[in-house]
Structure formats: C-alpha cells, structure tokens
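Novice: the amino acid sequence is not available; the structure is as follows:
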C-alpha cells in the first residue's frame, strides 16, 4: 500500500476514533503513526487501542507506528475560597505553599521545586498566558508578585515560567507508571513533555533502554536554549507549538519552528510539527485557508511528520481531517518550490562510510533516474541516513526487525517493509528487485539503487552501493 507523499501523518486516537472501524478508516485515509495521549484515558483504553492497531497491522501486512505521549508535570495554582478572583494591573499577588484556599491577594502554588527555582524578576504566565505576573520577592516558600497583565483567575489554572529552568524531573509519578505500561504494550515511540535540558532525555533513555524511540517535545524556551544537547541525545523531536507559543512571544514561533526542523534534519533525527494544525476541523468539515497554509509551510520546511490532536481524537470529522492533511501533503510535494527548498538545505555528510554511501546513493539515483532507493537496515540508522538526504527517489527500508519497521514509519520518505535479511549478495539484489516491484515502486526494465552492508545483518555496516535492473527473470521467481 503505497503513499503518494513523503511527509508522514500522525493522528491522535480518542473518543471519536477508537473503534476498529474508525482506526482502519483513519489508516486508509493516510495515517502512518497513531498517537496515544496519556493525559487522557486510562490504561485499559490505551491497551484496547494498541490491540486494534496491531490487529489492523496484521490484516494489512503493513508496519504501523504507535506514539505514547506522556503528560509531564502540570504546574497549577490551587483553589479559591469564593470562586474566581479578578487581578488588577499593578496589584500585589502572592503564590505560596500554604494549601489554604486562595483569595484576591494570594493562592497556593503546591510545587516547592517551582518556587525554589524562581528569582526576583522572573515572569509567571497564568491560564495559557492570559495573565502575567512579575516576581518582586522570591523565596523557597513563596513568590510575591506584581500583576503586569490582569484578568480573572480561577481554580487550578496552569502556570508557565518561561525564563527559568525548573529544578524538577520531567517524569512525574504518573508518567513513570504510564511509561512502564506503554513499554509493556510495545509502543514504538515515547514523547517526553517538559523537556528543559539534555539531562532530561538521558534520564528517560536509561529507563526505556532501547525498547522504544524517545521523542523530545520542544515546548519551553530552556529547551530551545539547549537544543543542540537535546538533539544529540533524543531519537526524534516534536515542535509542540501550544505550550511553546505561551512561553515565548507568539511571533517567534514560526522562526523557532524552522530552526528546530532544520537542526533535526541536519542531525538525521525525525521531527514532528504539532498543535492546532487543522484546529477548525474539530467542528467543521473543511479547514481555514490559513490552516492549510500552515500545514504546507511545515511540509515545505522538510518536516518528517505533521500531527493531528483533537481534530482526530475528539472532533466531528476525524477521517476528513486526515484526508485533508494527506491532500495538502501530496499537493505541496508536487510543487517545484518544494524541491528547491529540499535541495538547498542539505547538511554536509559526516566523515563516515554510511554517510558517504547515502550521499552517493542520492546522486546516483538522480543521475540514472532510478525508480527507488532500497536500503537494508537492522537498527534503522541506514534508512535514517538515506531519509536525511531528502532525495527525489522514494526509499524502501527493508528490515528483519518489525520494531525497526514500525519506528521508521515516522520518518520522511521511508516505505518500510518487514522482511527476512539478505542471505548473500545475489539474494540481496533479488529481494530488493522483487519487493520494489511488489510494492509498486519499480516495473520491469527500471533501475533501483541498493544500499546494504556486509556482513549482512550487522548493524552499522553500510558499505555497499549497487545498481540493479528490475527484470522479468527475477520477478518470475516471486
């Protein structure tokens, strides 16, 4: 089942999209990876969804990726004794550790790590940035603030601290339980919220221990400041524009999105653009023109995947949202400007055999107008290097590992096939030709470019580049 685009689509499952029939419709409409949002639902809900996806995968014979998105710490104020309060610009307002109900002069902030991280002059954004406070006197037990932007504040509204690194783990007790369960279910990716530093990625990777890929959600200014360290340690990145747009001036989000995409692409790490991509389709059958342009711009930038959240999880038109995303991707990738951007933004190959082979494969495929590039990969690194080049030829990633095939479903341009590894050189060529034909990427008489490594089945051994003809004689043995 061949997609007619290289950008991948992630869709979140939820109340509107959890039946076997709906999951199948979403996949056929264009979903490559399904997201399980652990901020909602219980473990039994997620177990049922994983079971549905894996059954569909078996029926269709195609690897399908599953992303488990952890909730992360939620920093919220406490409750008020007499309902919402109105904060006036210039007034003094205190956040403290006292669990007593709040009033117009104070409220509880039951997060000692947050208060300990604040300094005089720190900015606090409440209720998704609708209210702004400036800390005038910080201590480990309370923060006395001046109201900069006032408004109504009610129970348990969120608090964002854009200009401080909070001395707390991105993994709450709930997250640790959810992480253990997600790994037990066999998900392919874990998305980590509240990432601030590279150390946050190192912490979760010790727990995951290679059982899934770790995706860093870039949603805090501190994560942007430490982007290089995070990119080096993470397996993938997500531009989480919701919280990022609260904690940085909103006009900076587009440039930060481009910066994150470029940095991830150059490192050969998959990158996802998320949040409010087709938001109006939660309640409308068609998106706004601005939303279509937003999705297209992310695709022009070369993102690996675009993601739907509430549109597919709780909206009235989940299948239409996926179909629309698919149509936008296909149309954008047909534009000549898309190739101009891709060709202009290549990172230089690293001084490794795998990078040299990948760069050469792209050049050879373009020169001979090959129908496809076929990569043999065990760990996925060879296929990721091929995808990093953002070439014109489609890429078939052949792997004996179903876990690798599922994980690579997220990556730009990769059509993953779970198959036995090549036994020898002749088998390598024959299998590549047969699968290229079977998957409708090449016809008899056309050429393909093959990347592999000897000895076969050895991770990180990419050292072969071969041109092969897809011939009638080879196909007759299928």
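Specialist: Alright, I've got the coordinates. Keep in mind it's a predicted model, so treat the numbers as computed, not measured. Residues are numbered from 1 along each chain as shown.

Novice: how close does the residue lying closest to residue 38 once chain neighbours are set aside get to residue 430?
Specialist: Nearest residue to residue 38 in three dimensions, chain neighbours excluded: residue 178, at 4.5 Å (CB to CB, 6 or more residues apart in numbering). Where you see a C-beta, it was placed from the backbone N, CA and C, and this is true even at glycine. Distance, residue 178 to residue 430, by CB to CB, to the nearest Å: 45 Å.

Novice: which strand residues bridge the most centrally placed residue in the chain?
Specialist: Nearest to the geometric centre of the chain sits residue 272, at 3.7 Å (CA atoms, centre = their mean). Under DSSP bridges, the beta-bridge partners of residue 272 are residue 238, residue 305.

Novice: residue 149 now?
Specialist: residue 132.

Novice: you'd agree it is up against residue 127?
Specialist: No. The pair residue 149 / residue 127 is not scored as a contact, 10.5 Å apart, by CB atoms under 8 Å.

Novice: out of residue 178 and residue 430, which sits in the busier spot?
Specialist: residue 178 (22 against 19; other CB atoms under 10 Å).

Novice: that one sits in which helix or strand?
Specialist: helix 173-185 (DSSP states H and E).

Novice: circling back: which ones are touching the residue nearest to the centre of the chain?
Specialist: Taking CB atoms under 8 Å, 6 or more residues apart in numbering, we find residue 272 in contact with 10, 215, 236, 237, 238, 239, 303, 304, 305, 306, 307, 410.

Novice: follow-up on the earlier one: more neighbours: residue 149 and residue 127, which one.
Specialist: A direct count of neighbours by other CB under 10 Å for residue 149 and residue 127 places residue 127 higher, at 17 against 14.

Novice: nearest spatial neighbour of that one, skipping sequence neighbours?
Specialist: Excluding its sequence neighbours, the residue lying closest to residue 127 (CB to CB, 6+ apart) is residue 157, at 4.2 Å.

Novice: dump the residue contacts of the one you found.
Specialist: By CB under 8 Å, 6+ apart, the contact set of residue 157 is 76, 77, 126, 127.

Novice: outside of stretch 379-387, which residues touch it?
Specialist: For stretch 379-387, the external contacting residues (CB under 8 Å, 6+ apart) are 268-270, 304, 354-355, 357-358, 361-362, 373, 375-377, 395, 397, 399, 401, 404, 407-408, 411-414, 416, 451-453, 459-460, 462.

Novice: cool, stretch 93-106 as well?
Specialist: 77-82, 85-87, 92, 107-110, 112, 115, 124, 133, 141-147, 159.

Novice: same thing but 7 Å
Specialist: The list of residues contacting stretch 93-106 from outside it, by CB atoms under 7 Å, 6 or more residues apart in numbering, reads 77-81, 85, 87, 107-110, 112, 115, 133, 141-145, 147.

Novice: angles on the backbone of residue 396, please.
Specialist: Backbone torsions of residue 396, given as degrees, to the nearest 10, read phi -100, psi 120.

Novice: neighbours of it, how many?
Specialist: Residue 396: 25 surrounding residues under other CB under 10 Å.

Novice: also residue 411?
Specialist: Around residue 411 there are 28 other residues, counting by other CB under 10 Å.

Novice: what helix or strand is it on?
Specialist: With DSSP H and E as the test, residue 411 turns up in no helix or strand.

Novice: for it, give its distance to residue 375.
Specialist: Taken as CB to CB, the span from residue 411 to residue 375 is 11 Å.

Novice: the stretch 1-150 of the chain: helices as residue ranges?
Specialist: Applying DSSP state H, counting those that start in this stretch to the stretch 1-150 of the chain gives helices spanning 20-29, 43-60, 112-117.

Novice: buried ones only from the contacts of stretch 93-106, please, as a PyMOL command.
Specialist: Buried subset of these, written as a PyMOL selection, criterion 16 or more other CB atoms under 10 Å:
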select buried, resi 77+78+80+85+87+107+108+109+115+133+142+143+144+145+147
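
Novice: buried ones in stretch 274-287?
Specialist: Buried residues in stretch 274-287, counted by 16+ other CB under 10 Å: 274, 275, 276, 277, 278, 279, 280, 281, 282, 287.

Novice: wait, is the fourth one part of a strand?
Specialist: The one in question is residue 277. No. Membership of residue 277 in a strand is not supported by DSSP: H, G, I helix; E, B strand; the rest coil, which gives coil.

Novice: for the nearest residue to it once chain neighbours are set aside, which three-state class applies?
Specialist: Excluding the flanking residues, the one nearest residue 277 by CB to CB, 6+ apart is residue 295, at 5.3 Å. When classified by three-state DSSP, residue 295 comes out as helix.

Novice: tell me the contacts of residue 295?
Specialist: By CB under 7 Å, 6+ apart, the contact list for residue 295 reads 277, 278, 306, 325, 328.

Novice: now residue 240
Specialist: Counted by CB under 7 Å, 6+ apart, residue 240 has contacts 217, 218, 219, 274, 275.

Novice: how does it look with 10 Å?
Specialist: 69, 191, 193, 195, 216-220, 223, 260, 272-275, 307 (CB atoms under 10 Å, 6 or more residues apart in numbering).

Novice: check contacts around residue 334.
Specialist: Per CB under 10 Å, 6+ apart, neighbours of residue 334: 4, 5.

Novice: before we move on, what about the one 4 residues further on?
Specialist: When contacts are counted by CB under 10 Å, 6+ apart, residue 338 is found next to 6, 7, 296, 299, 300, 302, 331, 332, 390.

Novice: same thing but 8 Å
Specialist: With contact set as CB under 8 Å, 6+ apart, residue 338 has these partners: 299, 300, 332.

Novice: by neighbour count, which of the residues you listed wins?
Specialist: residue 299 (26 neighbours).

Novice: and the pLDDT for it?
Specialist: Looking at residue 299, its pLDDT stands at 97.

Novice: that one contacts residue 335, doesn't it?
Specialist: No. Here residue 299 does not reach residue 335: they are 9.5 Å apart, not a contact under CB under 8 Å.

Novice: residue 364 versus residue 304, what's the distance?
Specialist: When residue 304 is compared with residue 364 (using CB to CB), they lie 24 Å apart.

Novice: compare these two (neighbour count), which wins?
Specialist: Taking neighbours as other CB under 10 Å, residue 304 and residue 364 compare with residue 304 leading, 26 against 17.

Novice: domains in the protein, as residue ranges please.
Specialist: 8-72+170-333, 85-160, 353-475 (automatic domain parsing).

Novice: can you lay out the ones you listed as JSON lines showing distance to residue 344?
Specialist: Below are the domains of the chain laid out as JSON lines (distance: least, CB to CB, whole Å):
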{"stretch": "domain 8-72+170-333", "distance to residue 344": "10"}
{"stretch": "domain 85-160", "distance to residue 344": "35"}
{"stretch": "domain 353-475", "distance to residue 344": "10"}
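
Novice: residue 1 is nearest to which of these?
Specialist: Closest approach to residue 1 among the domains of the chain (CB to CB): domain 8-72+170-333, 5.6 Å.

Novice: re earlier: kindly reformat the contacts of residue 157 as a markdown table containing distance to residue 384 and pLDDT.
Specialist: Below are those laid out as a markdown table (distance: CB to CB, whole Å; pLDDT from 0 to 100):
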| residue | distance to residue 384 | pLDDT |
| --- | --- | --- |
| 76 | 38 | 96 |
| 77 | 43 | 97 |
| 126 | 41 | 97 |
| 127 | 40 | 95 |
